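Peer 1: Need coordinates for the following:
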Amino acid sequence: MSHPVDDLRAGVERAASAVAGADAPAPKSRPTLERPRQADHGDYATNAAMLLAPVLKSPPRDVAGRLAEALREGLGPAVERVEVAGPGFLNLFLADAWYTDALAHVLAAGQRFGSGGAVRSENANVEFVSANPTGPLHVGHARNAAFGDALARLLSFAGHVVTREFYINDFGSQVVNFGRSVQARARGEEVGEDGYVGEYVATLALEIPGAATRPVEEVGAEAVAMMVERAKASLHAFGVEFDVWFSERTLHEPDGPGRVSGVAHGFEVLERRGHTFRSEGALWLRTTDFGDDKDRVLERSTGEHTYFASDIAYAQNKFERGFDRMIYVLGADHHGYIGRMKAAYEALGGDPDTLDLLIMQFVHLVREGEKVSMSKRAGEFVTLDDLVEEIGVDAARWFLLNRSHDTTIELDLALATSESSENPVYYVQYAHARIAAVLRKAGEAGVQAALKAVGTGAAGGLELHPSERALIQKLLSWPQEAADAAQRRAVHRVAGYALELAQAFTAFYRDCQVVGAQPETLESFRIALAVVAQRTIAQALDLLGVSAPDEM
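Peer 2: Sure, this is the predicted structure:
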């Protein structure tokens with residue numbers, strides 16, 4: 001079943017073809033069909049006449065007049081009138097019957113409405129958070145977690161196959177250094193200048209048996225394992241789950257008898273493809289051949305591997321697992337990572353355009369108008385757990401997601417906990433709960449009867465209020481909004497849509513009686529409209545990982 005707006009667009013294209021004639025060349029682009037900014041400019045506007053004018057070698061307004069007549073004939077009772085505006089735009093004013101039919105379409109689509117918008121389904125790997133297991137998850141990680149999880153949900157909703165992955169940095173000198181820090185606390189000694197500080201280190205020193213006397217490598221490995229388990233618990237409480245927890249350490253170990261490590265395998269692939277060279281005893285990757293600003297060291301003259309060597313081995317591992325889209329959600333300090341990672345992936349034989357490297361920006365917490373101080377060096381963190389305890393999961397996720405990931409956020413803690421219309425997450429959830437109350441008043445039998453009546457076309461002939469039309473228009477835009485948000489990795493657009501939909505419902509609720517409206521067909525129509533609005537609000541909130549309460 002095609003979308004009503006798609007049917008309308010097809011009608012515009014048919015009319016344009018009829019005006020152009022069979023022998024006319026096609027315009028350079030397809031005509032647009034958009035919502036005008038001003039309500040008195042109609043329900044939809046198209047630039048079809050502007051595109052046809054150079055093809056027909058006629059003034060745009062003349063072409064618009066001919067196209068308007070063709071649209072009146074082609075769209076029939078769906079359109080009340082078509083007006084020529086400006087240099088040749090066409091404004092379409094649709095009949096109420098078009099809107100009642102559109103609602104019936106949305107009802108028929110059920111829970112699937114809005115989903116499956118991907119042009120081509122991809123097998124996508126979304127790697128996010130991947131915090132160093134040498135410290136607790138802080139608010140920056142919280143933003144990364146909320147975004148990565150919501151993006152994975154959105155991609156799945158669009159029709160992609162998604163694997164959520166956390167990369168554990170459990171290899172190298174940082175693990176030993178972490179072990180030294182824990183051991184120093186266990187012995188009552190000062191932690192070195194480059195060590196890890198904070199009460200969590202002291203807690204680990206108490207919890208790890210024999211931390212004062214065991215080999216520092218063992219202490220470090222056990223401390224890392226404990227921090228990973230705590231991260232899992234914190235993320236679970238935040239509504240974030242992973243399909244794969246990938247250990248960096250495994251990249252440096254053979255994966256079976258007679259096998260080489262993942263890092264060595266990556267080197268073999270690069271050497272076989274002719275992209276490595278040795279200089280002064282070190283192994284280099286010639287990333288400048290692929291647009292990077294300088295070549296990169298893979299193995300130092302001492303035989304020690306660089307972090308970049310692990311990154312390459314990890315990308316090769318993902319490639320060999322069959323992912324055709326790899327999304328990395330990275331911290332704000334990773335800007336320099338993009339060029340070299342794309343270059344390395346191309347050197348491995350992959351398509352760099354299938355790598356999406358998304359850089360998250362910072363989060364500043366604001367309390368009573370002042371930014372909350374956070375110092376990683378001093379071991380003073382506002383942790384993910386702290387944030388959830390103070391404002392709750394729903395508010396935390398909403399306020400971490402309602403701005404583009406590449407902009408800095410100032411999260412007002414007072415606003416996030418206020419129960420007022422100024423708080424957007426409260427406003428959206430309240431709209432959902434209000435609809436639930438309306439439907440409880442209508443009763444289950446009344447709701448089912450209304451859905452059946454509207455689904456079978458009984459609402460035809462109704463005269464609709466502008467608020468009803470506006471709400472249906474907002475609902476009809478959901479599939480495109482969801483598809484665009486997934487394609488552009490723009491999770492914040494889902495939050496924006498949810499707020500606008502809640503506002504459209506609130507205006508409808510203010511202007512239109514639902515239960516008890518007369519005639520009975522109007523009551524049925526409004527109940528059905530409320531059902532679809534509630535369903536879509538819940539859908540959008542779920543993509544954000546925010547609950548949709550029935551009571552507040």
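
Peer 1: mind showing which ranges of the stretch 251-400 of the chain have poor pLDDT?
Peer 2: Low-confidence segments of the stretch 251-400 of the chain (pLDDT under 70): 374-380.

Peer 1: just the strands in it please.
Peer 2: 276-279, 282-285, 296-299, 325-330, 355-359, 363-367, 370-371 (DSSP state E, counting those that start in this stretch).

Peer 1: Need the winner for burial among the ones you listed.
Peer 2: Most buried of the strands of the stretch 251-400 of the chain, by mean neighbour count (mean count of other C-beta atoms under 10 Å): strand 325-330, with a mean of 22. No exception for glycine: its C-beta is placed from N, CA and C like everyone else's.

Peer 1: what helix or strand does N125 sit in?
Peer 2: strand 123-127 (DSSP states H and E).

Peer 1: Quick one: mean pLDDT over the next helix or strand after that strand.
Peer 2: Per DSSP H and E, strand 123-127 leads on to helix 139-158 as the next helix or strand towards the C-terminus. The average pLDDT within helix 139-158 is 98.

Peer 1: After helix 139-158, which helix or strand is next?
Peer 2: strand 161-168.

Peer 1: Buried residues in that next one, which are they?
Peer 2: Neighbour-count burial for strand 161-168 flags V162, T163, R164, E165, F166, Y167, I168 (criterion: 16 or more other C-beta atoms under 10 Å).

Peer 1: The residue of the chain most remote from its centre and A205: what is the separation?
Peer 2: In the chain, the greatest distance from the average C-alpha position (C-alpha atoms, centre = their mean) is reached by T213, at 47.1 Å. The gap separating T213 from A205 is 12 Å, by C-beta to C-beta, to the nearest Å.

Peer 1: Quick one: residues contacting A223.
Peer 2: For A223, the contact set (C-beta atoms under 8 Å, 6 or more residues apart in numbering) comprises T134, F178, G179, V182, L204, I208.

Peer 1: Count residues in the vicinity of the nearest residue to the last one once chain neighbours are set aside, would you?
Peer 2: Nearest-residue entry for I208: E222, 5.3 Å, with adjacent residues in sequence omitted and distances by C-beta to C-beta, 6 or more residues apart in numbering. Summarising burial for E222: neighbours were counted as other C-beta atoms under 10 Å, giving 19.

Peer 1: next structured bit after the helix or strand hosting E222?
Peer 2: Using DSSP H and E, E222 falls within helix 216-237. Note on helix 216-237: by DSSP H and E, the next helix or strand toward the C-terminus is strand 244-247.

Peer 1: Which strands border that next one, and is each parallel or antiparallel?
Peer 2: Applying DSSP bridges, strand 244-247 is found paired with strand 161-168 (parallel).

Peer 1: averaged over its residues, what pLDDT does the partner strand have?
Peer 2: Averaging pLDDT along strand 161-168 yields 99.

Peer 1: returning to what we had before: buried set for the helix holding E222?
Peer 2: In terms of neighbour count (16+ other C-beta under 10 Å), helix 216-237 has its buried residues at 216, 219-224, 226-228, 230-231, 234-235.

Peer 1: of these, closest to G516?
Peer 2: Nearest to G516 out of the buried residues of helix 216-237 is L235 (C-beta to C-beta; 46.8 Å).

Peer 1: per-residue confidence for that closest one?
Peer 2: 99.

Peer 1: ok, now V228?
Peer 2: Looking at V228, its pLDDT is 98.

Peer 1: which residues touch the residue nearest to it when sequence neighbours are not counted?
Peer 2: Once flanking residues are discounted, V228 sits nearest to P133: 5.0 Å by C-beta to C-beta, 6+ apart. Each residue near P133 by C-beta under 8 Å, 6+ apart is listed here: I168, N169, D170, V224, M227, V228, A231.

Peer 1: T288: which of those residues is nearest?
Peer 2: Once C-beta to C-beta is applied, the member of those that ends up nearest T288 is N169, at 27.1 Å.

Peer 1: Phi and psi next, for that closest one.
Peer 2: Here is the backbone geometry of N169 (degrees, to the nearest 10): phi -80, psi 80.

Peer 1: Touching, it and E248? I think so.
Peer 2: Yes - applying C-beta atoms under 8 Å as the test, N169 and E248 come out as touching, 5.4 Å apart.

Peer 1: more neighbours, those two?
Peer 2: A side-by-side neighbour count of N169 and E248, using other C-beta under 10 Å, places E248 first with 22 against 18.

Peer 1: surely that one meets V175?
Peer 2: No - E248 sits out of contact with V175 when judged by C-beta under 8 Å, with a separation of 9.7 Å.

Peer 1: can you put the contacts of P133 in TSV and add distance to M360?
Peer 2: Formatted as TSV, the contacts of P133 follow (distance: C-beta to C-beta, whole Å):
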residue	distance to M360
I168	19
N169	17
D170	22
V224	23
M227	21
V228	21
A231	17
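
Peer 1: for whichever helix in the chain runs longest, the distance to its chain's centre please.
Peer 2: As assigned by DSSP state H, the longest helix anywhere in the chain is helix 520-544. Here helix 520-544 is found 23 Å from its chain centre; the criterion is C-alpha atoms, centre = their mean, to the nearest Å.

Peer 1: for the record, mean pLDDT for that helix?
Peer 2: 98.

Peer 1: angle of that helix against helix 139-158?
Peer 2: Note on geometry: by axes from the mean of the first three to the mean of the last three C-alpha atoms, to 10 degrees, helix 520-544 and helix 139-158 are set 130 degrees apart in direction.

Peer 1: Flag every buried residue along helix 520-544.
Peer 2: Within helix 520-544, the residues that count as buried by 16+ other C-beta under 10 Å are 521-541, 543-544.

Peer 1: again, but for stretch 496-506
Peer 2: When burial is assessed from 16+ other C-beta under 10 Å, stretch 496-506 yields the following buried residues: G496, Y497, A498, L499, L501, A502, Q503, A504, F505, T506.
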